[in-house]
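Colleague: predicted model and sequence follow; I will ask about them next.
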Amino acid sequence: MVIKKHDNHDQLSMDDFESEVETAENGNAVGPEQTDGVAGAEKVIHSKKRSEPTRVQWEALFDIAKRIRAIEPWSFMWDMDFITLLLPGTDQPLYCSVLGNAGLCYGINIYRGDSALSALMCMIENDNEFSTVYNEQDCLMLSFGDREELTAKDRALLKELDLRFRGRHEWIYFRTMDPGYVPWYIDSNHADVLIQALQNIYMAIICLMENKLSVDFEKGQTLVRFYSETDDMWCNAIGKLPVTSEDDRTLVITNDGLIADIKKLKRSKIKLEFDVTCFPVNVCENRGDRPSIPLFLLLADKTSGIIIDQKTVGNNERVESAVLDMLIRHFMSYGRPLSINIRDKRTGMYIEDLCNRIDVKLIMGKEMPAINETIRYLTKAMSR
């Protein structure tokens, strides 16, 4: 089997900028040659190696965070008004969203690349209690929260740095969100990226506040900030956000013999429900490790409401293999079903080709009472 991907994402490039450019003069933003004592800030977006941020990094982070908090960018920016950063030495843009205009969460989310932006848009389009898209978010977070949102580790850090905050939406903390895991503490590599990103976000916000560029966010424009090696300075320009769409990959089974064997099976009267969702609790293999959010496969008899099969898929397992294994084992034991109900295209990508080739009706977007009730029950039971 193979996965075919039709990619509709438009990569942002310098050609997307309009002619209106505002230069960041007087060294007001960090450049490739100056990172406030933090080495390599322009080089790292993701890294598997983990080391705690240094005191110098923490001081730089809290300093720029307080400067951003002071100008309250959410007073005139919405969370879909994106600032796009093209940092030197990286091959993916950072898409930066200012939170707070709705009066709920305050802070800045920095989405790492086109796929991260696409996952965000998909989460907005598929906002429901059973969606798995939250599990795929990929961003760095600066949050201005309340005291009770901080952990003991956060409070110990503030004490070490001799920092004090009072009031709602005033307590500063940082997190990283990575696909398949709960939000977690940042490491030194994350701190490098955050320092340079937040310093440049601050300057981009100042540009907007001073009306140096007129960005029409509602029409899909973005303020793009980049470093010009030719001019040796940071520049602001108007660009277009890349067009994002739902994941349109399709899992294709290349084993024609297997398809032929399944098509020979008798047709049963069973109507199925199938879902790829998130396991209702976080999983931590070893104490102190970062908890993961594994995917959960559920197969149910739509008529009786009975769960026929279930499986937790770890971060190191191939989801597509687990999906096909579960369904094909059921087909071999009970025959081809009349139909399979699924929640959305994200589940359909795994089984659409299979169902089409073995003549099983695939029903998308309809109610799945058996699976929905099971997820609600498990979530309630495991939250006690």
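Modeller: Good, I have the coordinates. Residues are numbered from 1 along each chain as shown.

Colleague: F217: neighbouring residues, count only.
Modeller: F217 has 16 neighbours, counted by other Cβ atoms under 10 Å. Just so you know, the C-beta spots here come from the backbone N, C-alpha and C atoms, and that holds for glycine as well.

Colleague: grab the nearest non-local neighbour of it.
Modeller: With Cβ to Cβ, 6 or more residues apart in numbering as the criterion, F217 has its nearest non-adjacent residue at 4.1 Å, and that residue is D81.

Colleague: sec struct for that neighbour, please.
Modeller: Following DSSP: H, G, I helix; E, B strand; the rest coil, we place D81 in the coil state.

Colleague: need the contact list for it.
Modeller: D81 is in contact with S97, V98, V215, F217, counting by Cβ atoms under 8 Å, 6 or more residues apart in numbering.

Colleague: walk me through the domains of this structure.
Modeller: The chain breaks down into these structural domains: 8-240, 251-382 (assignment by automatic domain parsing).

Colleague: pick out the shakiest of the ones you listed, pLDDT-wise.
Modeller: Per-segment confidence across these bottoms out at domain 8-240, which has a mean of 84 in mean pLDDT.

Colleague: tell me, how many residues neighbour R329?
Modeller: Using other Cβ under 10 Å, the number of residues around R329 comes to 12.

Colleague: meant to ask about I206, not that
Modeller: 17.

Colleague: before we move on, what about N200?
Modeller: Other residues within reach of N200 by the criterion other Cβ under 10 Å amount to 27.

Colleague: relative to A152, how far out is it?
Modeller: 32 Å (Cβ to Cβ, to the nearest Å).

Colleague: what do you get for M123?
Modeller: Remark: distance between M123 and A152 (Cβ to Cβ) = 30 Å.

Colleague: the more surrounded of those two?
Modeller: Set M123 next to A152 and count neighbours by other Cβ under 10 Å: M123 wins out with 16 against 7.

Colleague: so the more buried one sits in a strand?
Modeller: No - for M123, which was evaluated using three-state DSSP, the result is helix, with no strand membership.

Colleague: what about it, distance to Y227?
Modeller: Distance check for M123 against Y227: by Cβ to Cβ, it reads 30 Å.

Colleague: same question for K212.
Modeller: Applying Cβ to Cβ to K212 and Y227 gives a distance of 17 Å.

Colleague: between those two, point out the one with more neighbours.
Modeller: Remark: of K212 and Y227, Y227 carries more neighbours, 22 against 14, as counted by other Cβ under 10 Å.

Colleague: where along the stretch 201-350 of the chain do the helices fall?
Modeller: 256-263, 319-334, 345-358 (DSSP state H, counting those that start in this stretch).

Colleague: tell me what the second one is packed against?
Modeller: Helix 319-334 is packed against strand 250-252, helix 256-263, strand 271-278, strand 295-301, strand 307-313, helix 345-358, with contacts defined by 3 or more Cβ pairs under 8 Å, 6 or more residues apart in numbering; DSSP states H and E.

Colleague: for D301, give me its contacts.
Modeller: When contacts are counted by Cβ under 8 Å, 6+ apart, D301 is found next to I270, K271, L272, E273, I308, A370.

Colleague: for those residues, pick the one with the most neighbours.
Modeller: In terms of neighbours by other Cβ under 10 Å, the contacts of D301 top out with E273 at 27 neighbours.

Colleague: distance of it relative to K66?
Modeller: With Cβ to Cβ as the criterion, E273 and K66 are 50 Å apart.

Colleague: what packs against the strand or helix carrying L142?
Modeller: According to DSSP states H and E, L142 maps onto strand 139-145. Helices and strands touching strand 139-145, as assessed by 3+ Cβ pairs under 8 Å, 6+ apart, comprise helix 55-71, strand 106-112, strand 171-177, helix 188-209.
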